[in-house]
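In: return atomic coordinates for the entry below.
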Amino acid sequence: MSDESKYRVEAEDDEVEEKKGFFRPLPEDRPVQSGDKKQPIVKLLGISMYEKTRDRIIILLVPFLVALINANVFSLVIIQALPESSLFLFVIPMLSAIPIGLTVHHTKNALLASLIASAFFVMLFVLFLISPALMSPRLNVGEFFVSGMIISAIYDLFVIFANLLGSLIGAILREFF
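Out: The predicted structure follows:
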């Protein structure tokens, strides 16, 4: 055998000289991949985005909607349009929190989202309680705010446990059905 057939001979690559200074080409816009793994791109409400971004939006959006429902129910209890019964103070907030467990991807994130829903509830409920002071310039907003925080702290205990239970039920439903 000849030496050429024993050894693989490759052509030498011509190395391109990198331009420096003003002659260097402008950088191109490319989506940056985090890590070595490629992330799947999904659509949410017609907008293309990474799956992690969609999950983060869901973790904030669904608890806000649950907190809006809970604040509405508790505000109707405060103005005595609904009675103070366990149905309105615990069962309806628990049922409204089931979509958190159904839509949030992992159970630990669903439980975190239920705590976020409780924080949103406090913000919305305190805003409801101080709204009379915001409408009248003669009333002291600080006194309304302090009393609103005390009242919402009492109701927030019901909401925290109802949201945790509802999101856990939703996660169980997601896993088995």
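
In: would you mark the buried spots in the host helix or strand of Phe64?
Out: Under the criterion of DSSP states H and E, Phe64 resides in helix 51-78. For helix 51-78, the buried set under the neighbour-count rule, 16 or more other Cβ atoms under 10 Å, comprises 54-55, 58-59, 62-63, 66-67, 69-71, 73-75, 77. Placement of C-beta: from N, CA and C, glycine included.

In: wait, Ala71 sits on Ala119?
Out: No: using Cβ atoms under 8 Å, Ala71 makes no contact with Ala119, being 11.9 Å away.

In: shared neighbours of those two, anything?
Out: Common contacts of Ala71 and Ala119 (Cβ atoms under 8 Å, 6 or more residues apart in numbering): none found.

In: and for the closest residue to Ile160 other than its chain neighbours, the neighbour number?
Out: Spatial nearest neighbour of Ile160, chain neighbours left out: Ser118 (4.7 Å); criterion: Cβ to Cβ, 6 or more residues apart in numbering. When neighbours are defined as other Cβ atoms under 10 Å, Ser118 has 24 of them.

In: can you tell me how far Ser118 is from Ser167?
Out: Remark: distance between Ser118 and Ser167 (Cβ to Cβ, to the nearest Å) = 11 Å.

In: need the helices for the protein, in chain order.
Out: Assigned by DSSP state H, the helices in the chain fall at 3-6, 51-78, 86, 92-96, 98-103, 107-135, 141-176.

In: can you redo those as TSV with distance to Lys38 and mean pLDDT?
Out: Compiled in TSV, the helices of the chain are given as follows (distance: least, Cβ to Cβ, whole Å; pLDDT from 0 to 100):
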stretch	distance to Lys38	mean pLDDT
helix 3-6	41	63
helix 51-78	11	89
helix 86	49	80
helix 92-96	37	87
helix 98-103	24	86
helix 107-135	22	87
helix 141-176	26	86
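
In: quick one: which of those is nearest Pro25?
Out: helix 51-78 (30.0 Å; Cβ to Cβ).

In: check which helices and strands that closest one sits against.
Out: For helix 51-78, the elements it packs on are strand 41-44, helix 92-96, helix 98-103, helix 107-135, helix 141-176, judged by 3 or more Cβ pairs under 8 Å, 6 or more residues apart in numbering; DSSP states H and E.

In: after it, which helix or strand is next? Please name it.
Out: Following helix 51-78 in sequence order, the next helix or strand is helix 86 (DSSP H and E).

In: list the helices and strands that following helix packs on?
Out: Looks like helix 86 contacts no helix or strand (3+ Cβ pairs under 8 Å, 6+ apart).
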